[in-house]
Structures are given as structure tokens and as C-alpha cells.
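J.: no sequence on this one, just coordinates:
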């Protein structure tokens, strides 16, 4: 290599380094901890830090896909607003989280809904199969992980039966989470049956994917909508609880809910946006007031759909979680498999406990990510010190994502309390106000607690210095991981 070429490459790298540092400092809507972490990485290890930022530093979606999201949002019909529902919520302490949630997708809260809490594990899959077998016009499905095991094949076979009797079946499976199923004969069977099956966020060639955007932006949603009047929402993937691809962490313990009423069409809206983003046909005739299913109960459950993703102009999911936590007056119970909070969520939890709210956080003891496990446990001391009642679930990986507030309001869905769900994943959740159904979710949380062990201050005090250093390092690096 000649001296002139070496000098030119050195000048080019310095220029790139300066541009990346400027981008880190100037990029909007980045929290200070994340900005500082990336700045340290770029300065301490210029080559590795710059490459890491180019690959992972920003939740980049290609300009073409971002423009398509805007066009889709603009043309899809939104349901009419219901001022009477807003007025009813305004008379409660929980108006703020519902008002904030409405700004995410411009989907207003709905009333007149009915919900069923499915049994754990295989029971939820059986009920979903029954609904698919009873569908008469349309079945729309979007899931992150789909495995070719017993439950995965049961769902596939039910979809094939639906297509064969003339039901229009549209489905999305994430390119990364369901990659083995997409490559299998099961996928080919569905295509052969006439099912419109599409890959969500296809990866393609790795180099081109990295150029156009991040490969780890994933569609993490888990939803099933039938005949525009029934919707499923929760944490369960299309797989057996034994989750054989990560069997040592099994069983996966999930929660799924079945909804009837106007909220089903709000779930349909989220599916329609994803569907058209993957070049699916226009299904807007299933949306809007003319297609909205009638209420099934009076007054029924008030429910609000929240569909978030990196295409939004602000981090909507942590904002909605935080607003709900701030609304708690007496009791707050949360379950999540992955706990790597941003600052606003962490401080909201600490503040809730300090102001006298009985705050309980349930996490799994065994987590399928050592990085997440270490980062999560770095917060244990602060949580216990603030008065949070912290528990670890023993039997398997508690994968349920739930929040209950004062026995009155709850939130369930696909989003974890971690930065991946906040910044990189497309997620779907339902927040609702109803003492009866919230009580059922709260009872399920109590059942989890029966299989938990409390995390005590003594246990934290006994941690060695090396363990604490490792956990705190992972927590410090979490904004860049």
C-alpha cells in the first residue's frame, strides 16, 4: 500500500469518524444514557465503535418503507371517535394513559367489548383452532415465532381447512423468528391451499439489508383476527410450551386473551397496516364505521389497542407503560420475561413504590439471554431499595407480559419491558378498564407468584464484586446492545 493511499484512507476514516460522532450528538429523540454510551464506544474504540453504530446505532427503516407506512396510515379508515367513552374515562384516575395511547395509531378507546382469558399453554392454541374452524369469511394472523411442532402444525392445518372451505386466509410470519417454518414443507402446504402467506420484514442478503436498514427490526406482534369480529392478543407464539429450540428454559409460560366487539376491528387496523406494508392487498373495506362490529355487551369492557414500532416518531410503548404506572394509586403488578428499562420507565416504577403503591415485579429466574439476565439484575438493588416487591419465577420462562393497576385497569400483549420492544420491534398490546377482567388477569398473576421466590436485600448484598461489575457493565451497555 502506497503512502498516498494510506494517507487518503486515514483522512477518509477520520472524516467518517467525525460524521458518526456528530450524528451521535445531533440525532433527535435519543435519551442521554444512550447518547453517552455510543459516544464512549466511538471514542474508545474508533473502528469497532463506528462499525457498531453503522450496524446497530439507529432503528433505521428504509426511506421507501417509511414512506409506505405513512401512505398506508393516511388511507386506512379510522373508526369514529366516541366522546362518551372519553368522558367516562375522564372521570377516573386512568384517563391519561388512555389519552396517550390514542395518539399512537389514532385508534380511540372502544366500549361494548367482551374478553376471555384462555387457559395456559396448549389450551389457548386449542381455542384458536376452534375459532379458525368456525370462521366464515376471513382469518388474519400475524406472529413472530411459528414452529413446526405440534401446536404450530395444528394452527397450520386449521388454516388450510379454512382456505379449502372458501375462507380468505391472510397471514404474516416474521422472517427471522419464523425462518425455519417459512423454509419448511408446512409453508408450501399453505401456499398450495391458496393461503396468502407473506414474510414480515424479509431479510434478504445481509449486506443489502444492513445498507437499507437494520436486520434486527422485527415484527414481534402476536395476533389473530377472525371474521372482523374476534381478535386474539397476548404473549404466546405458535409453538408448544416445551419450546424445543430452547428446551432448557421450558416451559414457556404465556397468557392469551380472546376479544369480541369493536376492539377486534382496532386489532384489524394494526394487521391491515402490516399487511399492506408487505405489499398485501387493500383490506380497508374491513375498517371504518360501516364495517365495525356491533357491541357484544353493554356497557362491556372499555379497551384500547396500541400498535407500536420503529416507524413511529417517538418511543410510544415506554411512554404508554410509564403513563399507566404513574396512574396507579394502590397496587401495581407487572410480569415480563425481559426487563431492561429505559430511564423513564425505571423511575416511574421506583416512584410508584416510594409513594406507597404496592408495587410487585415478577421476572423469570431462568432467561434465555445472559446479556438480558445480567442487565436486568443490575436493577435489583435499586428496585428493592425503593420498596418494590421483586420475585423470580422458578418453573420455566415466564413469558407473559402483563400489567394490572388497582384491580381496575390492565395491559396485555406482545411488548416486553426492554429496549428491544421499545425501539426495534413492532408490538401489539391492548389496555383495558374493567374490574372483572382485570381481576382475572390479577388472579393469573397471583398464580405465578405461588411459584416464585422473593428476591431479598440479603441476596443482593451477597453478590460478589465481579458479579456486580458484570451486571452493571451490561446495564451501562444496554443502550448500544
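T.: Great, that's in hand. Since the model is a prediction, treat every value here as computed from it, not as a measurement.

J.: Now tell me which helix or strand of this structure has the poorest mean pLDDT.
T.: Lowest by mean pLDDT, DSSP states H and E among the helices and strands of the chain is helix 206-212, with a mean of 57.

J.: Tell me the helix or strand right after that helix.
T.: Where DSSP states H and E defines the elements, the next helix or strand beyond helix 206-212 is strand 222-226.

J.: Neighbouring strands of that following strand in the sheet, and parallel or not?
T.: Applying DSSP bridges to the sheet, strand 222-226 is found paired with strand 138-143 (antiparallel), strand 230-234 (antiparallel).

J.: which residues are in contact with it?
T.: 128, 131-132, 134-135, 138-144, 231-237, 264, 267-268, 270-271, 413-414, 428 (Cβ atoms under 8 Å, 6 or more residues apart in numbering). C-betas here are computed from N, CA, C, even on glycine.

J.: Kindly write the ChimeraX command that selects the buried subset of those residues.
T.: In ChimeraX, this line selects whichever of the contacts of strand 222-226 come out buried by 16 or more other Cβ atoms under 10 Å:
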select :128,131,132,135,138,139,140,141,142,143,144,231,232,233,234,235,236,237,264,267,268,270,271,413,414,428
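
J.: where are the low-confidence patches of the stretch 251-400 of the chain?
T.: Along the stretch 251-400 of the chain, segments meeting pLDDT under 70 are nowhere present.

J.: Can you name the residues bridging to the nearest residue to residue 402 once chain neighbours are set aside?
T.: Nearest non-adjacent residue to residue 402, counting by Cβ to Cβ, 6 or more residues apart in numbering: residue 335, 4.8 Å away. Taking DSSP bridges as the rule, residue 335 bridges to residue 362, residue 402.

J.: okay but residue 335 is in contact with residue 400, surely?
T.: Yes - if you go by Cβ atoms under 8 Å, residue 335 and residue 400 touch, sitting 5.1 Å apart.

J.: Who has more neighbours out of these two?
T.: Higher neighbour count among residue 335 and residue 400: residue 335, with 29 against 25, using other Cβ atoms under 10 Å.

J.: Give the full set of residues in contact with that one.
T.: Applying Cβ under 8 Å, 6+ apart to residue 335 gives the contacts 361-363, 398, 400-402, 445, 448.

J.: just curious, which of these is nearest to residue 157?
T.: Taking Cβ to Cβ as the measure, residue 157 sits nearest to residue 400 out of the contacts of residue 335, at 26.4 Å.

J.: What's the separation between that closest one and residue 239?
T.: Distance, residue 400 to residue 239, by Cβ to Cβ, to the nearest Å: 15 Å.

J.: try residue 289
T.: 37 Å.

J.: With neighbour numbers in mind, choose between the two.
T.: Taking neighbours as other Cβ under 10 Å, residue 289 and residue 239 compare with residue 239 leading, 24 against 10.

J.: Now the more buried one: closest residue in space, sequence neighbours ignored.
T.: Nearest residue to residue 239, sequence neighbours excluded (Cβ to Cβ, 6+ apart): residue 147, at 4.1 Å.

J.: Phi first, then psi, for the one you found.
T.: Here is the backbone geometry of residue 147 (degrees, to the nearest 10): phi -110, psi 150.

J.: which parts of stretch 68-86 are buried?
T.: 68-69, 72, 76-77, 79, 82, 85.
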